[in-house]
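> Give me the fold of what follows.
(chains A and B)
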Amino acid sequence: MADSSLPAVDQVLDCSGMSCPLPVVKTSQAIKKMEVGQVLELLATDPGVEPDMKAWSGRTGNELLGISRDGDVFHVLIRRLR
Amino acid sequence: MWSDDAESKVLYVQTHGVNDPGRCATPFFLAASAAAMECEVMIYFTMYGPTLLGKDVIDTIGPKGEQGQPLRYFIEQATGLGVRLLVCQPSLDLNDLTIDELIDGVQMIGGAAFNDLAISADAVISF
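Numbering: from 1, shown residues only, chains lettered A, B, ... in the order given. Got it, this is the predicted structure:
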């Protein structure tokens, strides 16, 4: 995540090796403990994480800033909005 | 029975029981995901479903048998996120169970309450 256009990450949540529904469940728990405006970076290897996090962020009203892939690992950036 | 505090309400229905362990965990997975999406979620256990909630059962079966997590893990993942578990009396009778033989926190409802929950839910998903 060296792209300087991406926002600073406040917390990293490593869900590598975990499968559905754990990345979603742990993201939900983690974001509730963060301040509004802060950015969470989720690391996950579950191949369904991209559609899942799009659905989750849409439903919960949090902002999906971007998803990139590095080998088997998806990096998902989410900003807490509410 | 819905609190209406959440934007969406999802009702799952589990009809499969201990004789089909491969079908025991998915409703809990999906319910946990829905709860993480800030939906209000309930699972109604009918037909053979209530057998999955037996106190003496949840540590002895799992969706992949000896491999992987026992059923308790999936139940607690869901209930820990606020998912509520419901049964009805006739399906307890069908399986020769009493509410006291089930894990704590299971709520007893009847057919009218179930139908009312279904009518007012945003989605009803049956297994």
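> buried set for the least confident helix or strand in chain A by mean pLDDT?
Taking mean pLDDT, DSSP states H and E as the measure, chain A has helix A:49-60 as its least confident helix or strand, at a mean of 91. Neighbour counts over helix A:49-60 (16 or more other CB atoms under 10 Å in any protein chain shown) mark A:49, A:52-53, A:56-57, A:60 as buried. Using the backbone N, CA and C atoms, a C-beta is placed for each residue, glycine as well.
> Quick check: the gap between B:Pro21 and B:Gln69.
B:Pro21 sits 12 Å away from B:Gln69, going by CB to CB, to the nearest Å.
> Those two - which one has more neighbours?
B:Pro21 (17 against 12; other CB atoms under 10 Å in any protein chain shown).
> Could you double-check that that one sits in contact with B:Pro63?
Yes. The criterion here is CB atoms under 8 Å, and B:Pro21 meets it with B:Pro63 at 5.9 Å.
> Need the residues touching each of these two.
Residues touching both B:Pro21 and B:Pro63 (CB atoms under 8 Å, 6 or more residues apart in numbering or on different chains): B:Leu71.
> From chain A, how far off is the residue most central in space within chain B?
Nearest to the mean C-alpha position of chain B, counting by CA atoms, centre = their mean, stands B:Ile43 at 3.7 Å. Using CB to the nearest CB, to the nearest Å, B:Ile43 is found at 14 Å from chain A.
> List the buried residues for stretch B:52-69?
Buried residues in stretch B:52-69, counting neighbours by 16+ other CB under 10 Å, are found at B:52-54, B:57-58, B:61-63.
> Spatially, which two of those are the most separated?
Pairwise distances among those were taken by CB to CB; the largest, 16.3 Å, belongs to B:Gly54 and B:Pro63.
> now the buried residues of stretch B:52-69 in a markdown table, with pLDDT?
Compiled in a markdown table, those are given as follows (pLDDT from 0 to 100):
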| residue | pLDDT |
| --- | --- |
| B:Leu52 | 98 |
| B:Leu53 | 98 |
| B:Gly54 | 97 |
| B:Val57 | 95 |
| B:Ile58 | 95 |
| B:Ile61 | 94 |
| B:Gly62 | 93 |
| B:Pro63 | 92 |
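> need the contact list for the nearest residue to A:Ser19 once chain neighbours are set aside.
Among residues not flanking A:Ser19 along the chain, A:Asp46 sits closest, at 5.1 Å (CB to CB, 6 or more residues apart in numbering or on different chains). Listed by CB under 8 Å, 6+ apart, the contact set of A:Asp46 reads A:15, A:18-20, A:22-23, A:52, A:74.
> before we move on, what SS does A:Asp46 have?
Under the three-state scheme (DSSP: H, G, I helix; E, B strand; the rest coil), A:Asp46 adopts coil.
> ditto for B:Ile58
Following three-state DSSP, B:Ile58 is assigned to coil.
> Distance of the residue nearest to it when sequence neighbours are not counted relative to chain A?
Distances taken as CB to CB, 6+ apart put B:Arg72 closest to B:Ile58, at 4.2 Å, once the chain neighbours are dropped. Plainly put, B:Arg72 is 16 Å away from chain A if you go by CB to the nearest CB.
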